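Engineer: Below are the sequence and a predicted model; questions follow.
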Amino acid sequence: MALVQTPQPPKAEDPIVLPDGVGIPSCPKVLLALRDELNKDDVDLNSVGELITQDVALAAMLLRTVNSASFGLRRQVGSVQEALTMIGLKRVASAVHGLLLRQTLNPNGAVQLDRFWDVSAKVALLAAHIARQVPQLIKGTSPEEAHTFALFQDAGIALLMQQIPTYKETLVLANRELERSFTDIEVERHRTDHASVGYFLARTWGLPEHLSEAIRHHHRFDVLDDCGAVPDASRYLVAMGLLAEHCVQEVTGQAHGSEWQKGGDAALDFLGFDSTTYQELVDGAQDLMQ
């Protein structure tokens, strides 16, 4: 795993530091090249398809992902180019982000992280689905951004699990904590937290600033009530990510952490969802996860 110097964060009320021994992987070259293509005024789908196809492993993973039940295609696609035509450039790019994230942060295919990545993929899929149900009143937000945010929000956990031997114990403690912030528990034990690590990762990989800020604050639910704390687009993503994570826990029956208890009401209020809408989302998640 190639490590790079972490970028300097913008000025904020709380300094963000990484202790010695915690490194951030550099952005994959294929993602940098893909971003250059996507930033062109007239994007050429053939060029995008050829770029992805050059990485045989990435292309194979992309086709497997697109052909999975979660994408709900009427027929399977047989090439990257066909995937671009069938589901669109934005959804392909979002899927590539997730695949490269998993490939980079789990280069040896650690079995103990398989469940983590599977859950992250489900949360990201549901975040995009929920975002499609919400009127886009906040400039700069989209289902694709909700998907990318949900993939990256807990990526710092994967890095810390690999680089800090005692971090798994910290996760257990943080998930049980009913009052203090999840990230406060991490900082107390390791002088850093997964939200800060995820923030640095997002900055290193060139994600938009408001998305990086959402990753940094996604366990600070007070930002949902403070319109001046972070950009509105960041607050939207924090609320969306928390709701998607909770819905996945409800549908899959996985153990519930305490985060929904801490921030669920604030997230629903921010998104303008009442109890009826919430239940409809849970029911829709049930169908989507099947």
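Structural biologist: Cool, got the structure.
Engineer: Neighbours of residue 175, how many?
Structural biologist: For residue 175, the count of nearby residues is 14 (other C-beta atoms under 10 Å). For glycine as for every other residue, the C-beta is placed from the backbone atoms N, C-alpha and C.
Engineer: swap in residue 156?
Structural biologist: Residue 156: 27 neighbours (other C-beta under 10 Å).
Engineer: Next one: it relative to residue 173, how far apart?
Structural biologist: Computed with C-beta to C-beta, to the nearest Å, the distance linking residue 156 and residue 173 is 16 Å.
Engineer: How about residue 129?
Structural biologist: To residue 173, residue 129 is 32 Å away according to C-beta to C-beta.
Engineer: neighbour-wise, which of these two wins?
Structural biologist: residue 129 (20 against 14).
Engineer: Show the contacting residues for that one.
Structural biologist: When contacts are counted by C-beta atoms under 8 Å, 6 or more residues apart in numbering, residue 129 touches 143, 284-285, 288.
Engineer: who wins for most neighbours among those?
Structural biologist: Neighbour max across the contacts of residue 129 (other C-beta under 10 Å) = residue 285, 23 neighbours.
Engineer: That one - that's part of a helix, no?
Structural biologist: Yes: read with DSSP: H, G, I helix; E, B strand; the rest coil, residue 285 is one of the residues of a helix.
Engineer: Find the nearest non-adjacent residue to it, please.
Structural biologist: Nearest non-adjacent residue to residue 285, counting by C-beta to C-beta, 6 or more residues apart in numbering: residue 247, 4.3 Å away.
Engineer: Also residue 272?
Structural biologist: Per C-beta to C-beta, 6+ apart, closest to residue 272 is residue 134, 8.0 Å.
Engineer: Is the one you found in contact with residue 268, as I believe?
Structural biologist: No: using C-beta atoms under 8 Å, residue 134 is not in contact with residue 268; the gap is 11.7 Å.
Engineer: Could you pull up phi and psi at residue 24?
Structural biologist: phi -110, psi 130 (degrees, to the nearest 10).
Engineer: Repeat that for residue 68.
Structural biologist: Phi and psi for residue 68, reported as degrees, to the nearest 10, are phi -70, psi 160.
Engineer: confidence score at it?
Structural biologist: According to the prediction, residue 68 has pLDDT 84.
Engineer: burial of it, as a residue count?
Structural biologist: 13.
Engineer: give the contact list for it.
Structural biologist: Taking C-beta under 8 Å, 6+ apart, one finds nothing in contact with residue 68.
Engineer: From here on, call the first residue 19.
Structural biologist: Okay, using 19 as the starting number, the last item reads as residue 86.
Engineer: Output the contacts of residue 147 in TSV, with pLDDT and distance to residue 217 appended to each entry.
Structural biologist: Converted to TSV, those look like this (pLDDT from 0 to 100; distance: C-beta to C-beta, whole Å):
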residue	pLDDT	distance to residue 217
161	87	22
302	76	30
303	77	27
306	73	29
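Engineer: Thank you kindly, that will do.
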